[in-house]
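Q: What shape does this take:
(2 chains)
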Protein chains: 2
Amino acid sequence: MDRHNAFYAQSGGVTAVINASACGVIETARRHADRIGTVYAGRNGIIGALTEELIDTSQESDAAIAALRSTPSGAFGSCRYKLKSLEQNRREYERLIEVFKAHAIRWFFYNGGGDSADTCFKVSQLSASMGYPLQAIHVPKTVDNDLPITDCCPGFGSVAKYVAVSALEASFDVRSMARTSTKVFVLEVMGRHAGWIAAAGGLVEDHGIPVVILFPEIEFDRARFIAKVDALVKQQGYCTVVVSEGCHHPDGTFLAEQGTKDAFGHAQLGGAAPVVAQMVKESLKLKFHWAVADYLQRAARHIASKTDVEQAYALGRRAVELALDGRNAVMPTIERLADAPYRWQIGTADLKDVANVEKFMPREFITADGYGITEACKRYLRPLIQGEDYPKYADGLPVYVTLKNAAVATKLAPFEMR
Amino acid sequence: MDRHNAFYAQSGGVTAVINASACGVIETARRHADRIGTVYAGRNGIIGALTEELIDTSQESDAAIAALRSTPSGAFGSCRYKLKSLEQNRREYERLIEVFKAHAIRWFFYNGGGDSADTCFKVSQLSASMGYPLQAIHVPKTVDNDLPITDCCPGFGSVAKYVAVSALEASFDVRSMARTSTKVFVLEVMGRHAGWIAAAGGLVEDHGIPVVILFPEIEFDRARFIAKVDALVKQQGYCTVVVSEGCHHPDGTFLAEQGTKDAFGHAQLGGAAPVVAQMVKESLKLKFHWAVADYLQRAARHIASKTDVEQAYALGRRAVELALDGRNAVMPTIERLADAPYRWQIGTADLKDVANVEKFMPREFITADGYGITEACKRYLRPLIQGEDYPKYADGLPVYVTLKNAAVATKLAPFEMR
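A: As a prediction, the model looks like this:
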């Protein structure tokens, strides 16, 4: 059988477990050395393919590759870069083929979210349209959990665990302080369009915590929100609010867009949490604290979900197996078989059905009043945060690997990014 | 020997390990049942003593008390309330004595920071001035690490570990994204007056991360700060900024005080991180992200330092032993014997030397340029974040205990808080 090289790249916002998928891809490729030669990684995602900045992963020891499994972030660098259509930007696609030809690459593994699935789908079509034999497999990844078909997305389970654990801990803190100090704690989490991450905050309800969730799927209504917080504080003495960065007013403007200016006349920086906290203060005169988790939530490998790590690895492995089976334009998916005890298997989706489709929270996962999650949602979420998968520590800090990322000698003329 | 009851209360901002001290106090008292009767906890700190809202800890099982060791927050409720001097508020002191007499309390354990040490010191003087035999022992606690005499304060090691781990993880994330996206990540941490918590962010430097620390001890200089960030980003492609909430301009105003108004004319909410991020954007046109850890950092029992947990417990235990030895107006302290391998023992400080004294970062712990920590500082910090002490988990979330907190029947007329 022919032996070809592979290309692997990470795309979009990185996660606590995208490197676990990289680990799955590279370890599996190494086990199939009869068919897969070198795995070249793109330095900074697809940009590395365009600029011929390839990383020779064969220079990394087995131990270093194994360590990827417990290292957050994108070990080869990621990028926010979406290829236009073949009609609009033939130049880039021709360059990709040139680079792949020059380095005998016939397997293309792209590890990312919705935009990346679109890029991967376009690349998968090159084989037919440009006459170069290439198989493109997408490895799903997104903390937003908004890819269709797959039951969940690697990266989400860990951020969900981070948010649930953090909300639980901070809520215990507020409960302690509420008599004379803070009564409302506001935690801002990611999720510009879909409320999956915010939903995870709702899991603390089972631990007796009064919690209000502000979803991007539900239009914000200040009066109703304030009434809800007021009722909870009167009843339990305190409450926690988990607000999605994508929470917005009926006219579509985000809560974070305050329309305020700083001393220099520049638009004031966002942050939905301080806006919500300010409303609570104005309307209810309650003492508040707020936090914005930002990158901490998606990078928090120290509290990653074991389920998530295992799925991230398994999907990377299956991507390689699909390629070896001759598949193209597909993405391995998680298929849920049972909630409790949780059972799952890996399925396959066609990229044409994945690209540019966003999966929002179903309305039946959100309580009637719009401020909480239903039992169906909890059944969905619970398995995804199950299990701990601690990294090793040295001197008090996690041992995360930084690869050598040795550059492959270029064979082509430089390519100008436009 | 006489047998008396004890009073224990938690004060000020709670931490990931203040309950470990409570565990040390109560477990040790139970082992000395021949001399210590019931440990009554104040509901919401000293307020519980004034209002005679006492909690009967003997109603809690040994297992529940043991579980305090791995539960963040203040299990009995805390408060922000500082007793005035005896001259200014004799009424409150007389009430305390009344309550203690009514419940046969002769041991007073107060678990808090600087203000609480002051309260505890005042209470310790009551024995002499009001003719009631009472011994008051302070159990140190503060994430701010600003108590004098003791080498470190329980609560600090865990928040330091949280900040170092979070800064490391987020920095890996930014490093991945820097080619096309975020180049500067700003993390705001606690520490209104002292920069100990921010300093912990400096530990990531040993992992190759370019980091800038903004201390409250160093006056903020925008031009120099921007030049520092610019140089690091040019050199390494990205950088992380850890800013203390107490970072301030030369005139004493905090960075978080932007002097801006919202649409309703209200003063704009604080947050030093967004202010710093905005400066980076204005001056360097670099893409940024920012996070405000707030309560998440001090409540993060899931990533507590094992050293910190052990010290918190040991100081609670020693407080009881000091009381049994007949001591009054003292606080057990941590004495460092060696940095590496770390060795420590427990000492004792007189409360008169502790009350109202704040310990700032020594200048020799901060680099000459004011933006980093020195090797001496790292030697100080490293042992304090050493070791992990994971809580148990069930269904993906930590198992934190909520006590019954059974109320003790009141014996006195109500007391009006003024």
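Q: so what's A:D144 up against?
A: Counting by CB atoms under 8 Å, 6 or more residues apart in numbering or on different chains, A:D144 touches A:G113, A:C153, A:F156, A:M190, A:G191, A:R192, A:H193, A:A194, A:W196, A:I197. In this view, the C-beta of every residue, glycine as well, is placed from N, C-alpha and C.
Q: Now with 6 Å, please.
A: Applying CB atoms under 6 Å, 6 or more residues apart in numbering or on different chains, we find A:D144 in contact with A:G191, A:A194.
Q: now do A:E388
A: Taking CB under 6 Å, 6+ apart as the definition of contact, the neighbours of A:E388 are A:K306, B:Y393.
Q: now the one 4 residues further on
A: With contacts taken as CB under 6 Å, 6+ apart, A:K392 has the following neighbours: A:V399.
Q: One more: A:D308?
A: Contacts of A:D308 were listed using CB under 6 Å, 6+ apart, and they are A:V17, A:G157, A:S158.
Q: Show me where chain A has its strands.
A: Using DSSP state E, the strands of chain A run over A:4-10, A:36-42, A:54-56, A:105-112, A:135-140, A:184-189, A:211-214, A:239-244, A:288-292, A:330-339, A:342-350, A:393-394, A:397-398.
Q: which stretch among the ones you listed comes nearest chain B?
A: Closest approach to chain B among the strands of chain A (CB to the nearest CB): strand A:288-292, 3.7 Å.
Q: one step back: from the contacts of A:D308, which single one is nearest chain B?
A: Comparing every one of those with chain B (CB to the nearest CB), the shortest separation belongs to A:G157, at 8.8 Å.
Q: Leaving out chain neighbours, which residue sits closest to that closest one?
A: Nearest-residue entry for A:G157: A:D308, 3.1 Å, with adjacent residues in sequence omitted and distances by CB to CB, 6 or more residues apart in numbering or on different chains.
Q: any idea how far the one you found is from A:R379?
A: With the distance defined as CB to CB, to the nearest Å, A:D308 ends up 17 Å from A:R379.
Q: ok, and the closest non-adjacent residue to the residue lying farthest from the centre of chain A?
A: Of all residues in chain A, A:T180 sits farthest from the chain's C-alpha centroid, using CA atoms, centre = their mean; the distance is 38.7 Å. Distances taken as CB to CB, 6+ apart place B:C79 nearest to A:T180, at 4.4 Å, with adjacent residues excluded.
Q: Check the gap between the one you found and B:N405 for me.
A: Where B:N405 is concerned, B:C79 sits at a distance of 15 Å (CB to CB).
Q: Among these two, which residue is more densely surrounded?
A: Summary of the neighbour comparison: B:C79 and B:N405, criterion other CB atoms under 10 Å in any protein chain shown, with B:C79 having more neighbours (26 against 16).
Q: Mind pulling up the pLDDT for the residue farthest from the centre of chain A?
A: Predicted confidence (pLDDT) at A:T180: the value is 90.
Q: cool, A:A128 as well?
A: Model confidence at A:A128, given as pLDDT, is 81.
Q: for A:G259, same thing?
A: pLDDT recorded at A:G259 is 55.
Q: Point out the residues in the stretch 51-200 of chain A that sit beside chain B.
A: Of all the residues in the stretch 51-200 of chain A, those in contact range of chain B (CB under 6 Å from any CB of the partner chain) are A:72-74, A:77-81, A:161, A:164-166, A:169-170, A:172-173, A:176-177, A:179-181.
Q: At which residues are the helices of chain A located?
A: Secondary structure of chain A (DSSP state H): helices located at A:18-31, A:46-50, A:62-67, A:90-102, A:114-124, A:126-130, A:156-177, A:196-201, A:222-236, A:272-284, A:295-299, A:306-324, A:351-354, A:375-381.
Q: Go through these and find the least confident stretch.
A: Of all the helices of chain A, mean pLDDT reaches its minimum on helix A:126-130 (a mean of 83).
Q: A:D325: neighbour count?
A: By the other CB under 10 Å criterion, the neighbourhood of A:D325 contains 11 residues.
Q: Pull the contacting residues for A:C120.
A: A:C120 makes contact with A:Y110, A:A136, A:H138 under the criterion CB under 6 Å, 6+ apart.
Q: need those in CSV with neighbour count and pLDDT, can you?
A: Rendered in CSV, the data for those read as follows (neighbours: other CB atoms under 10 Å in any protein chain shown; pLDDT from 0 to 100):
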residue, neighbour count, pLDDT
A:Y110, 28, 98
A:A136, 25, 97
A:H138, 32, 98
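Q: is it true that A:N44 touches B:R179?
A: Yes - look at A:N44 against B:R179 with CB atoms under 6 Å: they come within range, at 3.9 Å.
Q: so what sits against both of those two?
A: Jointly contacting A:N44 and B:R179 under the rule CB under 6 Å, 6+ apart are A:G77, A:C79.
Q: hang on, the earlier thing: want to try a markdown table for the helices of chain A, with distance to B:L126 as columns?
A: Supplementary listing: the helices of chain A in a markdown table, determined by distance: least, CB to CB, whole Å:
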| stretch | distance to B:L126 |
| --- | --- |
| helix A:18-31 | 60 |
| helix A:46-50 | 71 |
| helix A:62-67 | 59 |
| helix A:90-102 | 79 |
| helix A:114-124 | 67 |
| helix A:126-130 | 84 |
| helix A:156-177 | 26 |
| helix A:196-201 | 45 |
| helix A:222-236 | 35 |
| helix A:272-284 | 38 |
| helix A:295-299 | 45 |
| helix A:306-324 | 53 |
| helix A:351-354 | 72 |
| helix A:375-381 | 51 |
